Structures are given as structure tokens and as C-alpha cells.
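Student: generate a structure from the sequence data that follows.
(2 chains)
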Amino acid sequence: MRKIVIVGVGALGSHAVLLLRGVGLERGAAAGCEIVAIDFDRVEQKNTLAQFHSKSTLGKNKALALQQSISFLFGVRIGAVPHRLTQDNARALLGGAALVIDCLDNGPSRHVVQSFVRELGIPCLHGALADGGTVGRVVWDDKFQIDEADGRGATCEDGAHLPFIGLVAAQLARAAQQFLASGQQMSFQVFARSPSTFV
Amino acid sequence: MIQLVNADAFRRQATLNITWAGQNGDLPNAIAFDAPDADIRRWAVEAVRSGIPGISADADVSFRDFVVERLSATHDLPNRVVLRPKTPFG
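Tutor: Below you'll find the predicted structure:
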């Protein structure tokens, strides 16, 4: 069974899990995968506007809430780790993964992921959003540059950008599925007002 | 007629890909792959003020906080210099 670890299940990560929930059930080359979601954060009211978290899970850990929702709605079992990823636990949480999908929202944690996957040669796909819901990036690690936040509001603070978040999450899930099926690594830039481009 | 091409000069060229206001387009002319960031931002401002394919003209354009990324050529893509907004969120 191949392990797919999704780190950060907020705006992009929660929707990526929603869209990838079937990979363990598929036939063919993408079959035989298990999904593990990692997040230390808790579901807040504002999260329900732009993330795949519902009012019924308010106050719960996001990874556990997503596990519960996916099981309740689709009867699909995913793994959940309700902890913050750090240098100290990276090996325990990411080790043995066939694919790591980084959907984190802060530079320091992304650096932990990037340094670990580079050290062990684990394939890693990054999902990233600009503020304002105008640009998204779905980029494999060899081409991914980590951007630090500059104090502006996150795209997922309200529901105005949910359709765009869904679009980027769909590209993310598609790139992951393509990799699991064929090993091909496709990177994209996604734009609110232009067609997507390859990176 | 045989046309001689300076391979080194070709390798140092790049496409400038610009993202502005959710739109994306390439500068029609090639630039130097190692051009200074300040020059790249200035060329992009001049280009977007008059409009380029994919990006509507905008007199108020500014790339002050944007990221300049240099992506070396792959088997199916040329050298690219990408000017884009920061994407710190997930």
C-alpha cells in the first residue's frame, strides 16, 4: 500500500483530500494508496467558508475532522495525524511516503517538508495560493520556491475565493493522480483570469 | 542559405512570463536570462502599461513585492523568467 501524506488540510489540502479520496479504490496504476492527513490546527467558523470543513466539526482538529467527514460522507477511511510537523517528527510522519503533498500556509513549515523530502528523495508536490484569489501554483519540489507571507490576508479568510481554491485543488489532485498512475510530474500556474500554464 | 546561430547567446535568452491581476502573458521579446531583477520589473511595468497578449493594459501596475523566478529550459520549455505574486498560502 503506497502512502500519500497531505500536510496541511486547510483550503487547498482539505479539498485535495476530497478529490483524491478515491485513489485507494481505483483500478489500474493509481490503485492501492492510502491517504494520511496531517494538521495541528482546529476548525474555526471562518474556515467553513473556504475549506472542506463543516459546522458539525467546529472546534475539532482539522485532520481528525476531515477523517470523520470523509468516512461519514463516502465510507472511505483515511489516516489522520493531529500534530504540527516539525524537524523532530518529520521522519516519523513523512518517512515511507510514496508522495508528500504540501498545502501548508507558512514558510518555516514548508522548509521542514522541503528539506526532509530532498534528503530522502521523496516525491513532493506543493500547492500554494496568492492573497486575493488571483494566482495558484501546483509545483513539484525541484521547481518550487517557498514564499514568505508579508502580512496580507490569506485567500481562505472568507468564501469569496472558494471557486478558485477549488480550481487549484483540482489541478493539485489531478497532478497527484497523474504521478501515481504514470510517474509523470506536471507543474502548473493557475490564474483567475487566464488559462493555466505549465511550469 | 546557411544561418549561423550563436548558441551561447541563445542559451542566455529567456521568455519573460508576467502575472498581473490574475492574468498571465509573455513579453513578446526575449530578455537576458540573468537580467537584474530591477530591470525585469521595469520592463514588465512598461509592457503592462501598454498591454501585452494575455494581460490588459493597466496604468497602475506595480511589481514591487513580486517574485522573480528563473526556470532553466527543459526538454519542452525554453528558459523562462517568471514574474509573479507571492504565494505563501495553502
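Student: for the rest of this, base every contact and every neighbour count on C-alpha atoms.
Tutor: Will do.
Student: which intervals of chain A have sub-threshold pLDDT?
Tutor: A:24-31, A:152-157 (pLDDT under 70).
Student: let's see that with 50 instead.
Tutor: Chain A contains no residues with pLDDT under 50.
Student: can you list the residues of it near chain B?
Tutor: A:8, A:10-13, A:103-107, A:127-131, A:134-137, A:143, A:146-149, A:154-155, A:191-195 (Cα under 8 Å from any Cα of the partner chain).
Student: how about the closest residue to B:Glu69 other than its chain neighbours, what does it touch?
Tutor: Excluding its sequence neighbours, the residue lying closest to B:Glu69 (Cα to Cα, 6 or more residues apart in numbering or on different chains) is B:Val82, at 5.0 Å. By Cα atoms under 8 Å, 6 or more residues apart in numbering or on different chains, B:Val82 lies in contact with B:Leu16, B:Asn17, B:Ile18, B:Val67, B:Val68, B:Glu69, B:Arg70, B:Leu71.
Student: isn't the fourth one right up against B:Pro85?
Tutor: Yes. Shown here, B:Val67 and B:Pro85 form a contact pair, counting by Cα atoms under 8 Å, at 5.9 Å.
Student: looking at those two, which is more packed in?
Tutor: Legend: neighbour count by other Cα atoms under 10 Å in any protein chain shown for B:Val67 and B:Pro85, higher for B:Pro85 (24 against 17).
Student: and which of the contacts of B:Val82 is nearest to B:Asp26?
Tutor: Closest approach to B:Asp26 among these (Cα to Cα): B:Asn17, at 4.4 Å.
Student: and the closest one, its phi and psi?
Tutor: As for B:Asn17, its main-chain torsions (degrees, to the nearest 10) stand at phi -100, psi 130.
Student: contacting residues for it?
Tutor: Counting by Cα under 8 Å, 6+ apart, B:Asn17 has contacts B:Asn24, B:Gly25, B:Asp26, B:Leu27, B:Arg80, B:Val81, B:Val82, B:Leu83.
Student: neighbours of B:Asp34, how many?
Tutor: There are 12 residues near B:Asp34, going by other Cα under 10 Å.
Student: dump the C-alpha coordinates for the longest helix along chain B into PDB.
Tutor: Assignment by DSSP state H gives helix B:37-50 as the longest helix of chain B. Only the C-alpha atoms of helix B:37-50 are listed here, as PDB (Å, rounded to 0.1, in the frame of the first residue of the first chain):
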ATOM      1  CA  ASP B  37      15.500  41.900 -11.000                       C
ATOM      2  CA  ALA B  38      15.100  45.700 -11.100                       C
ATOM      3  CA  ASP B  39      15.300  45.700 -14.900                       C
ATOM      4  CA  ILE B  40      12.800  42.800 -15.200                       C
ATOM      5  CA  ARG B  41      10.300  44.700 -13.000                       C
ATOM      6  CA  ARG B  42      10.800  47.900 -15.000                       C
ATOM      7  CA  TRP B  43      10.400  46.100 -18.400                       C
ATOM      8  CA  ALA B  44       7.300  44.400 -17.000                       C
ATOM      9  CA  VAL B  45       5.800  47.700 -15.800                       C
ATOM     10  CA  GLU B  46       6.400  49.300 -19.200                       C
ATOM     11  CA  ALA B  47       4.900  46.300 -21.000                       C
ATOM     12  CA  VAL B  48       1.700  46.000 -18.900                       C
ATOM     13  CA  ARG B  49       1.100  49.800 -19.000                       C
ATOM     14  CA  SER B  50       0.600  49.400 -22.700                       C
END
